[in-house]
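>>> sequence? don't have it. structure:
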């Protein structure tokens with residue numbers, strides 16, 4: 001039988017597993033990600049420094065070229081230092097005096113032209129004689145207008161400023177100031193290299209710090225992981241025991257908080273299913289009732305389709321409201337507009353007639369305009385109507401109305417049903433609270449949504465009732481709503 005040599009396939013397999021484990025290690029991935037980000041930041045910072053320095057270099061070169069031309073024209077407007085007389089049109093004398101008095105900066109050159117020919121140049125030693133470049137000499141000698149630009153030469157990129165010297169309505173000569181950009185750029189390389197060295201040092205130090213931080217974090221994670229495996233997946237009421245006040249403790253507290261949120265989320269999810277059925281049943285019934293009673297009369301069809309469309313839009317808003325109430329203790333933001341409360345109440349009355357066999361009465365419908373959210377108030381009134389239906393029987397009367405008293409508007413729904421006890425009135429607007437034997441299968445979210453809508457308008461909702469005497473729900477809100485972000 002052939003025996004497996006030491007360090008054979010088994011040893012190779014173990015090595016591969018270690019390499020795979022090392023590559024998949026969170027510690028390695030955290031460190032690699034941090035190093036990559038820091039390296040990219042270092043490269044970006046060095047490139048940024050380089051670009052800033054080059055931009056400053058271009059500005060400095062342009063400024064120096066312009067300054068030289070200004071010096072020339074300042075001299076030309078003066079007098080000859082030997083004779084004390086103005087230079088006039090003696091361009092050669094102007095150029096001679098200028099070249100005697102002005103020495104070009106390092107990596108700069110001056111060229112002068114008279115009558116279309118090269119006249120003189122500065123004596124600066126440069127990598128390339130511009131006065132021996134026939135193409136540039138011919139170009140600059142023939143200029144009649146100022147020109148700034150850059151050209152490529154065997155000595156590198158040259159930025160120049162060429163300005164004509166004019167007198168008696170003609171061009172007397174041309175002055176050219178030129179700078180070798182590449183030689184200037186070479187002088188900023190030490191600063192760029194220094195920035196790169198600083199970036200590399202920061203990269204090394206940051207990587208060491210990241211390795212240390214990753215080790216500390218993962219020690220905490222390992223500790224919590226071992227404790228978390230003891231919690232059964234079907235029991236979210238269990239928590240990790242917390243001791244001390246270090247990173248592991250805070251991580252365990254965070255994990256416990258996560259379990260609490262998950263537990264609450266599952267409970268909210270179960271409640272949300274009931275809430276959705278409770279809230280969406282009413283608009284669906286309205287739409288179905290309106291479509292079943294759809295008339296052939298065009299005007300009646302238009303009105304019915306308008307009501308149906310409005311209800312479909314309101315169903316979409318209802319879903320958003322349910323999601324907001326399922327996740328937070330505040331309503332969605334309002335969409336404020338100017339509306340007429342009497343028209344609002346009459347529209348609601350027309351929509352809800354198909355919900356149940358009741359005697360529907362629209363009471364006072366004030367012809368007054370207020371600033372509010374039409375869809376939200378419609379939702380609130382329909383919910384109050386549905387609540388009244390749930391507590392009345394066929395033939396009972398349900399009243400709707402609205403009134404405006406000064407700065408406050410009131411909208412109400414009242415019925416002649418079984419009424420509400422004093423004990424129930426104290427909790428009737430709480431979420432998921434149900435009162436008495438109701439025929440609705442809802443989870444008790446409707447009146448909580450009504451309260452949220454009223455409070456979002458800066459108002460309140462209240463109920464007046466007694467057992468056997470019906471109930472009257474009233475929404476009271478300000479006539480004017482502040483615009484979000486507006487300073488009063």
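Nice, thanks for sending it over. Bear in mind that the values here come from a model prediction, so they are computed numbers and not experimental data.
>>> relative to the centre of the chain, find the outermost residue for me.
Distance to the chain centre peaks in the chain at residue 83, reaching 72.5 Å (criterion: C-alpha atoms, centre = their mean).
>>> quick one: neighbours of residue 71, just the number.
When counting by other C-beta atoms under 10 Å, one arrives at 15 neighbours for residue 71. Every C-beta, even on glycine, is put in place using the N, C-alpha and C of the backbone.
>>> now it: closest residue in space, sequence neighbours ignored.
residue 102 (6.0 Å; C-beta to C-beta, 6 or more residues apart in numbering).
>>> show me where this protein has its strands.
Remark: strands assigned in the chain by DSSP state E are 108-114, 117-121, 147-153, 156-167, 170-180, 337-340, 359-365, 369-372, 397-405, 408-415, 460-465, 471-478.
>>> out of the ones you listed, nearest to residue 60?
Of all those, it is strand 170-180 that lies closest to residue 60, at 9.3 Å by C-beta to C-beta.
>>> now for the closest one, which elements pack on it?
Secondary-structure packing of strand 170-180 (3 or more C-beta pairs under 8 Å, 6 or more residues apart in numbering; DSSP states H and E): helix 26-76, helix 91-101, strand 108-114, helix 134-141, strand 156-167.
>>> residues of that strand that come out buried?
171, 172, 173, 174, 175, 176, 177, 178, 179, 180 (16 or more other C-beta atoms under 10 Å).
>>> now do stretch 37-57
38, 42, 46, 49, 50, 53, 57.
>>> with stretch 466-486 instead?
So, applying 16+ other C-beta under 10 Å, buried residues of stretch 466-486: 470, 471, 472, 473, 474, 475, 476, 477, 479, 481.
>>> tell me the one of the buried residues of strand 170-180 nearest residue 406?
Of the buried residues of strand 170-180, the one sitting nearest to residue 406 (C-beta to C-beta) turns out to be residue 179, at 79.4 Å.
>>> I figured that closest one hits residue 108, correct?
Yes. The criterion here is C-beta atoms under 8 Å, and residue 179 meets it with residue 108 at 4.9 Å.
>>> what residues are shared contacts of those two?
Listed contacts common to residue 179 and residue 108 are residue 64; contacts here mean C-beta atoms under 8 Å, 6 or more residues apart in numbering.
>>> among the buried residues of strand 170-180, which one sits closest to residue 339?
residue 179 (71.9 Å).
>>> quick one: contacts for that closest one?
Residues near residue 179 by C-beta under 8 Å, 6+ apart: 61, 64, 65, 105, 107, 108, 109, 158, 159, 160.
>>> so can I have JSON lines of those showing pLDDT and neighbour count?
Below are those laid out as JSON lines (pLDDT from 0 to 100; neighbours: other C-beta atoms under 10 Å):
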{"residue": "61", "pLDDT": "82", "neighbour count": "24"}
{"residue": "64", "pLDDT": "84", "neighbour count": "17"}
{"residue": "65", "pLDDT": "84", "neighbour count": "22"}
{"residue": "105", "pLDDT": "83", "neighbour count": "17"}
{"residue": "107", "pLDDT": "87", "neighbour count": "22"}
{"residue": "108", "pLDDT": "89", "neighbour count": "21"}
{"residue": "109", "pLDDT": "89", "neighbour count": "23"}
{"residue": "158", "pLDDT": "90", "neighbour count": "23"}
{"residue": "159", "pLDDT": "90", "neighbour count": "20"}
{"residue": "160", "pLDDT": "91", "neighbour count": "21"}
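>>> just for the stretch 151-300 of the chain, where's the confidence low?
216-224, 226-228, 230-236, 242-248, 265, 268-279 (pLDDT under 70).
>>> ok, back up a step: just put the strands of the chain in a markdown table and tack on distance to residue 319.
Converted to a markdown table, the strands of the chain look like this (distance: least, C-beta to C-beta, whole Å):
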| stretch | distance to residue 319 |
| --- | --- |
| strand 108-114 | 73 |
| strand 117-121 | 82 |
| strand 147-153 | 64 |
| strand 156-167 | 65 |
| strand 170-180 | 69 |
| strand 337-340 | 21 |
| strand 359-365 | 27 |
| strand 369-372 | 21 |
| strand 397-405 | 25 |
| strand 408-415 | 23 |
| strand 460-465 | 22 |
| strand 471-478 | 22 |
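>>> among those, which is nearest residue 429?
strand 460-465 (6.6 Å).
>>> looking at the buried residues of stretch 37-57, which is nearest residue 115?
Residue 115 lies nearest to residue 57 out of the buried residues of stretch 37-57, by C-beta to C-beta, at 35.4 Å.
>>> please name the nearest non-neighbouring residue to that closest one.
Take residue 57 and drop its neighbours on the chain: the residue closest to it by C-beta to C-beta, 6+ apart is residue 184, 5.7 Å away.
>>> any idea how far the one you found is from residue 162?
Applying C-beta to C-beta, to the nearest Å, the value for residue 184 to residue 162 is 19 Å.
>>> coming back round to it: residues in contact with the residue nearest to residue 57?
Counted by C-beta under 8 Å, 6+ apart, residue 184 has contacts 57, 61, 107.
>>> need those residues in JSON lines (columns: distance to residue 370).
Output for those, formatted as JSON lines (distance: C-beta to C-beta, whole Å):
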{"residue": "57", "distance to residue 370": "66"}
{"residue": "61", "distance to residue 370": "69"}
{"residue": "107", "distance to residue 370": "77"}
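>>> which among those gets closest to residue 128?
Distance to residue 128 across those (C-beta to C-beta) is lowest for residue 107, with 11.2 Å.
>>> tell me the contacts of that closest one?
By C-beta under 8 Å, 6+ apart, the contact set of residue 107 is 126, 179, 180, 183, 184.
>>> quick check on it: phi, psi?
With angles defined as degrees, to the nearest 10, residue 107 sits at phi 70, psi 20.
>>> can you tell me how far it is from residue 368?
Separation of residue 107 from residue 368 (C-beta to C-beta): 82 Å.
>>> what of residue 392?
In this view, residue 392 and residue 368 are 29 Å apart by C-beta to C-beta.
>>> more neighbours: which of these two?
Neighbour count, other C-beta under 10 Å: between residue 392 and residue 368, residue 392 has more, with 21 against 14.
>>> was I right to think that one contacts residue 417?
Yes. Here residue 392 reaches residue 417: they are 3.8 Å apart, a contact under C-beta under 8 Å.
>>> low-confidence regions, the stretch 1-150 of the chain specifically.
1-27.
>>> which non-adjacent residue is nearest residue 191?
Nearest non-adjacent residue to residue 191, counting by C-beta to C-beta, 6+ apart: residue 53, 6.2 Å away.
>>> got a list of what residue 291 touches?
Shown in contact with residue 291 (C-beta under 8 Å, 6+ apart): 304, 308.
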